[in-house]
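In: would you be able to build a 3D model of this:
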Amino acid sequence: MYQERVELYKELEKEYNSKILVYITSDRNNMEAQIASDVIDYFISQLDNIGVCEKISLYLYTRGGDMAVAWNIVNLLRMYCDELQVIIPHKAHGGGTIISLGANEIIMTKQATLSPIDPSINTPLNQLIPNRMGNTFPVSVEAVKGYLGFAKEELQIRDEAALANILIKLSDYVHPLVLGQVYRSKAQIHMLAEKLLQNQVTDPEAMKKIIAFLCSESGSHDYTINRREAENDLGLKVSKPTEFQYHIIKEIYDNISEELQFNKAFNLVEINGAYAVRRCLLESLAGGADYFITEGECTHGEDDKGQHMVRNRITFEGWRHEENGMSSWGIHVFGNQDGCYERDGEFQI
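Out: Predicted coordinates for the structure are as follows:
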């Protein structure tokens with residue numbers, strides 16, 4: 001919980017002579033979260049509490065999300081500080097890598113990784129993932145490019161009618177408007193990366209090399225970039241923490257991992273009754289803790305054929321604020337609010 005991390009945040013601020021802001025999006029199986037636009041108001045609130053200062057260190061853990069929001073976060077942070085540092089304890093992928101490119105310095109532990117920044121498009125027009133509560137399949141920009149490249153280069157298809165049929169077949173699975181967004185996103189991500197890298201790289205040719213690798217030459221969105229590759233091969237401004245700094249960074253990560261249950265899949269079959277799952281954290285010493293939470297109630301029974309059946313009812317999903325161990329409602333609320341608990345985490349799963 002936040003109160004357990006307060007002293008660690010104080011130590012880290014002393015070590016880096018900066019103001020610490022922590023942003024975490026969970027990758028817990030079946031309760032994942034991503035960088036999304038609803039966090040911006042909370043960044044503004046946290047930064048207003050921190051105030052304009054010389055240096056901000058963003059402690060970041062994420063598997064990615066909306067690239068435009070990541071761009072917004074970098075610009076917002078830079079309005080409040082002269083120097084931006086990003087501390088990566090483990091994963092800063094996709095949109096997390098975008099944020100890192102916009103920093104003056106990236107602190108990476110031995111296990112820290114960045115990733116390619118080929119964006120994935122996820123809209124209500126995407127195909128639904130079966131049995132995943134309305135979640136949709138993301139469409140990778142590079143996957144679409146790879147599909148068309150495979151037809152032209154590997155299969156050596158040159159006939160325009162055949163290529164048109166391949167594109168039509170693709171549109172059977174990917175909505176045409178999503179394909180249009182894929183094209184726009186590819187151009188946009190190159191532009192964003194070039195603007196952000198100016199804080200770390202001045203040589204135009206080196207910048208082109210980095211963007212080319214992050215956007216396509218790495219070959220897969222799942223490819224991970226460790227500290228040595230980020231510094232030596234790509235030429236990013238990367239630093240490693242001292243042993244004492246690493247100890248603090250790791251202790252913060254372990255505490256958050258335990259709270260958000262990174263290593264335990266969310267499984268409705270194991271739940272009988274009310275539950276609450278924290279999925280995002282945004283914390284600072286000055287602003288307290290904001291967190292995105294999903295609360296619900298799970299009941300077990302049998303259908304008409306005597307088969308076991310699980311019913312899940314979401315009672316609240318949105319942001320809340322915690323300070324001094326007590327929680328309050330956030331401004332983003334979805335569903336009904338029958339599940340009001342006196343203390344946050346009372347039914348933590």
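In: quick one: the strands in the stretch 151-300 of the chain?
Out: Using DSSP state E, counting those that start in this stretch, the strands found in the stretch 151-300 of the chain span residues 238-239, 273-284, 288-302.
In: elements contacting the shortest one?
Out: When you say that, I think you mean strand 238-239. Counting contacts by 3 or more C-beta pairs under 8 Å, 6 or more residues apart in numbering; DSSP states H and E, strand 238-239 packs against strand 105-108. (C-beta placed from N, C-alpha, C; glycine too.)
In: ok, the strand it packs on: who's next to it in the sheet?
Out: If you go by DSSP bridges, strand 105-108 pairs up with strand 81-88 (parallel), strand 238-239 (parallel).
In: starting at the chain centroid, how far to the last one?
Out: Taking the mean of its C-alpha atoms, strand 238-239 sits 21 Å from the chain's own mean (C-alpha atoms, centre = their mean, to the nearest Å).
In: in stretch 66-74, what counts as buried?
Out: 66, 67, 68, 69, 70, 71, 72, 73, 74 (16 or more other C-beta atoms under 10 Å).
In: stretch 78-88 too?
Out: 78, 80, 81, 83, 84, 85, 86, 87, 88.
In: could you pull out the helices in the stretch 101-250 of the chain for me?
Out: Taking DSSP state H, counting those that start in this stretch, the helices of the stretch 101-250 of the chain run over residues 141-149, 160-173, 176-197, 204-212, 227-228, 243-260.
In: closest to residue 109 out of the ones you listed?
Out: helix 243-260 (6.0 Å; C-beta to C-beta).
In: picking that back up, out of the strands of the stretch 151-300 of the chain, the one nearest residue 60 is which?
Out: Closest approach to residue 60 among these is made by strand 273-284 (10.8 Å; C-beta to C-beta).
In: centre of the chain to that closest one, how far?
Out: The chain centroid and the centroid of strand 273-284 are separated by 15 Å under C-alpha atoms, centre = their mean.
In: quick check: domain ranges of the chain?
Out: According to automatic domain parsing, the chain comprises the domains 2-115+224-334, 120-185.
In: quick one: closest of those domains to residue 215.
Out: With C-beta to C-beta as the measure, domain 120-185 is the member of the domains of the chain nearest residue 215 (7.7 Å).
In: picking up where we left off before, could you single out the most deeply buried of the strands of the stretch 151-300 of the chain?
Out: Mean neighbour count (mean count of other C-beta atoms under 10 Å) peaks for strand 273-284 among those, with a mean of 21.
In: got any ranges where this structure has weak pLDDT?
Out: 119-134, 136-143, 145-147, 149, 151, 173, 175-184, 216-221, 323-349 (pLDDT under 70).
In: switch the cut-off to 80
Out: 118-188, 215-222, 303-306, 323-349 (pLDDT under 80).
In: could the buried residues of stretch 78-88 go into a markdown table alongside distance to residue 190?
Out: Shown next, in a markdown table, are the buried residues of stretch 78-88 (distance: C-beta to C-beta, whole Å):
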| residue | distance to residue 190 |
| --- | --- |
| 78 | 20 |
| 80 | 27 |
| 81 | 26 |
| 83 | 26 |
| 84 | 22 |
| 85 | 25 |
| 86 | 21 |
| 87 | 27 |
| 88 | 23 |
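In: biggest separation within the residues you listed, which pair?
Out: Farthest-apart pair in those is 80 and 88; separation 20.2 Å (C-beta to C-beta).
In: residues contacting residue 34?
Out: With contacts defined as C-beta atoms under 8 Å, 6 or more residues apart in numbering, residue 34 is in contact with 25, 62, 63, 64, 65, 66, 95.
In: and which of those residues is nearest residue 313?
Out: Closest approach between the contacts of residue 34 and residue 313, by C-beta to C-beta: residue 25, at 24.4 Å.
In: may I have the phi/psi pair for that closest one?
Out: The phi and psi values for residue 25, taken as degrees, to the nearest 10, are phi -120, psi 130.
In: ok, it to residue 240 distance?
Out: Note on residue 25: its distance to residue 240, by C-beta to C-beta, to the nearest Å, is 24 Å.
In: can you get me a residue count around the nearest residue to residue 86 once chain neighbours are set aside?
Out: Excluding the flanking residues, the one nearest residue 86 by C-beta to C-beta, 6 or more residues apart in numbering is residue 103, at 4.2 Å. The burial count assigned to residue 103 is 26, neighbours taken as other C-beta atoms under 10 Å.
In: surely residue 103 meets residue 87?
Out: No: contact status for residue 103 versus residue 87: not in contact, 9.4 Å apart, counting by C-beta atoms under 8 Å.
In: common neighbours of these two, please.
Out: residue 58.
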